[in-house]
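Peer 1: Let me see the structure of the following:
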Amino acid sequence: MSPCRVTTHRSLAATWLSLLLTLFLALAAGRAGAAEVRLVELNDAIGPASADFFIRSLEDADAAGAALVVIRLNTPGGLDAAMRDMIQAILASPVPVATWVAPGGARAASAGTYILYASHFALMAPATNVGSSTPVNIGGGSSPLPLPTTPEEPAPDQDDATADGAGSEQSTPALEPGTAMERKVINDAVAYLRGLAELRGRNQEWAEQTVRAAANLTASEALEQNVIDFIAGNIDEVIARIDGQTTLINGREVTVDLGDPDVVLVEPDWRHQFLSVITNPNVAYILLMIGFYGIILEFYNPGMGVPGITGVICLLLGAYALQMLPINFIGLALLLVGVGLMIVEAMNPSFGVFGLGGVVAFVLGSIVLMDTELPAFQISLAIIAAFAVASAGLFVFTLSMIMRARKQKVVTGTESMVGGTAVAPHAFAGSGQVRAFGEIWWAESEEPVAEGDDLEILAVDGLTLKVKKQE
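Peer 2: Numbers count the residues shown, from 1 in each chain. Reported below is the predicted structural model:
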């Protein structure tokens, strides 16, 4: 092969290699410039942990320049405070937020409906549902409040009477059923959800129905009634539906440009997992109980150290969890009174009076501690019963020990010497020395004592024994 042909082949190889390298760099640059979609999964009751996780994920998405945040939602509801924190974050977010009720069989009930309405884009997967947004604190044990009805048109003569002032009482709107507090909570929830619907251009009438009458809709019904924007079965369909759509973000219209984005699943970090564990009402309650009993044990046996340190740590963790949960302060006060009475019983036994009162206050406080009717935020009665039985058993055992100790003969101090035996080393009449319990004592006797007599101790008066001859 000639040198010229070899040079030609090398030039072609270098050219192809250069083209491939350029193509690779172009593709890499294209992927580097691709939009990013953050996917956040919320698959449980809305609480402090999920709200904290979502808000931090939204802030991270903004810092990373993400084009869209998608919430894959499946929730039975949750706490009002946590829900409102999430909605405030959505409304203030510079990154558009899409709430997607998925997968099939999922639901956006109660608090989930509010989050769906607040989002820039609302989507549902087939075979999902949305609704049941009546506040459970007043709706859990009573029938939903009815929608206000439109009064019938008055007859002409009634119009005249009203104009004359005679029928003014008939023009006064009737109050809705329920207590004043129930009406306030319901109307506040209605206004809140209607405001979100107005902001996003969604169905306001159904928003009121789902609060007042706990109405529900399937995905197809929600799309038909303008409750959601799209139906999507997977994340690719979600992206395809939203790409190119226009939404209002902080008062200005923004067109979402996604193209072929990178979907990044936001994994829960240690903080979320930690908050999820300790804000579980059962775990928070157990931490409180461990803290209380650890401190009681430290008071009962000062200087042990381990129970006191463990108790303080658990007590602080439980208190931190409680301040994030809806608690009833009367229940908390009863719980503290019960624990205080049990500490008094441990320090100064009172034959069970303080202990029994403490157990009763402890049980009542535990039952009413959570100020919500949401099942996900209730303390298990089995756990309350277990701690109550353990506390009652502890004090029954302590009381039985006290009663048994009272019946036993005194074995320490001068009182234990009464009834004991002494020996006279020398004869004496009236008073003299005796040997008792390995020591020499001064003794007094009403009858003469001979050397070596065995004597019975009748009483102890200071350092003098009252004795008599044994029978």
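Peer 1: From here on, just use CA atoms for contacts and neighbour counts.
Peer 2: Fine.
Peer 1: Enumerate the positions of whichever strand or helix holds residue 342 that are buried.
Peer 2: Secondary structure from DSSP states H and E places residue 342 in helix 329-347. Under the neighbour-count criterion of 16 or more other C-alpha atoms under 10 Å, helix 329-347 has 331-332, 334-346 buried.
Peer 1: Tell me the first helix or strand C-terminal of it.
Peer 2: Note on helix 329-347: by DSSP H and E, the next helix or strand toward the C-terminus is helix 353-367.
Peer 1: Next, the angle helix 329-347 makes with that following helix.
Peer 2: 150 degrees (axes from the mean of the first three to the mean of the last three C-alpha atoms, to 10 degrees).
Peer 1: Residues contacting helix 353-367, please?
Peer 2: The contact list for helix 353-367, computed with C-alpha atoms under 8 Å, 6 or more residues apart in numbering, reads 330-342, 344-345, 379, 381, 384-385, 388, 391-392, 395.
Peer 1: and residue 387, how many residues sit next to it?
Peer 2: 18 (other C-alpha atoms under 10 Å).
Peer 1: Local confidence estimate at it?
Peer 2: With respect to pLDDT, residue 387 scores 80.
Peer 1: Not counting sequence-adjacent ones, nearest residue to it?
Peer 2: Leaving aside its sequence neighbours, residue 387 sits nearest to residue 289 (C-alpha to C-alpha, 6 or more residues apart in numbering; 8.0 Å).
Peer 1: Residue 443 - that's part of a strand, no?
Peer 2: Yes. Counting by DSSP: H, G, I helix; E, B strand; the rest coil, residue 443 is part of a strand.
Peer 1: Identify the farthest-apart pair in the buried residues of helix 329-347.
Peer 2: Farthest pair in these (C-alpha to C-alpha) is 331 and 346. Separation: 22.7 Å.
Peer 1: Low-confidence regions, the stretch 201-350 of the chain specifically.
Peer 2: 300-304, 343, 346-350 (pLDDT under 70).
Peer 1: show me where it has strands.
Peer 2: Ranges of strands within the stretch 201-350 of the chain are 216-218, 230-231, 246-249, 252-255, 262-265, based on DSSP state E, counting those that start in this stretch.
Peer 1: List the strands paired with the second one, with their directions.
Peer 2: When you say that, I think you mean strand 230-231. Strand 230-231 sits in its sheet next to strand 121-124 (parallel), going by DSSP bridges.
Peer 1: what is the mean pLDDT for the partner strand?
Peer 2: pLDDT averaged over strand 121-124 gives 94.
Peer 1: helices and strands around the helix or strand following that strand, which ones?
Peer 2: Next along the chain after strand 121-124, taking DSSP H and E as the criterion, comes strand 129-131. Packing contacts for strand 129-131, counted by 3 or more C-alpha pairs under 8 Å, 6 or more residues apart in numbering; DSSP states H and E, involve strand 107-109, helix 111-118, strand 216-218, helix 219-224.
Peer 1: Please list the residues outside stretch 450-467 that contact it.
Peer 2: 414-415, 417-428, 441-445, 468-470.
Peer 1: The residue sitting nearest the centre point of the chain and residue 340, how far apart?
Peer 2: Geometric centre of the chain, nearest residue: residue 279, 3.4 Å, by C-alpha atoms, centre = their mean. Separation of residue 279 from residue 340 (C-alpha to C-alpha, to the nearest Å): 24 Å.
Peer 1: again with residue 35
Peer 2: Taken as C-alpha to C-alpha, the span from residue 35 to residue 340 is 59 Å.
Peer 1: before we move on, what about residue 325?
Peer 2: 23 Å.
Peer 1: try residue 132
Peer 2: 42 Å.
Peer 1: one step back: helices or strands up against the helix holding residue 342?
Peer 2: Using 3+ C-alpha pairs under 8 Å, 6+ apart: helix 329-347 touches helix 281-300, helix 353-367.
Peer 1: Mind putting those helices into a markdown table with distance to residue 195?
Peer 2: Output for the helices and strands packed on helix 329-347, formatted as a markdown table (distance: least, C-alpha to C-alpha, whole Å):
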| stretch | distance to residue 195 |
| --- | --- |
| helix 281-300 | 32 |
| helix 353-367 | 36 |
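Peer 1: Format the ones you listed as TSV; extra columns: mean neighbour count and distance to residue 463.
Peer 2: TSV is the format used below for the helices and strands packed on helix 329-347 (neighbours: other C-alpha atoms under 10 Å; distance: least, C-alpha to C-alpha, whole Å):
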stretch	mean neighbour count	distance to residue 463
helix 281-300	21	35
helix 353-367	21	39
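Peer 1: Ramachandran angles for residue 132?
Peer 2: phi 50, psi 60 (degrees, to the nearest 10).
Peer 1: Tell me if I'm right that it and residue 212 touch.
Peer 2: No. Using C-alpha atoms under 8 Å, residue 132 is not in contact with residue 212; the gap is 9.0 Å.
Peer 1: For the helices and strands packed on strand 129-131, could you give me CSV that also reports distance to residue 193 and mean neighbour count?
Peer 2: Compiled in CSV, these are given as follows (distance: least, C-alpha to C-alpha, whole Å; neighbours: other C-alpha atoms under 10 Å):
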stretch, distance to residue 193, mean neighbour count
strand 107-109, 13, 26
helix 111-118, 6, 26
strand 216-218, 15, 18
helix 219-224, 15, 18
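Peer 1: Thanks a lot, see you next time.
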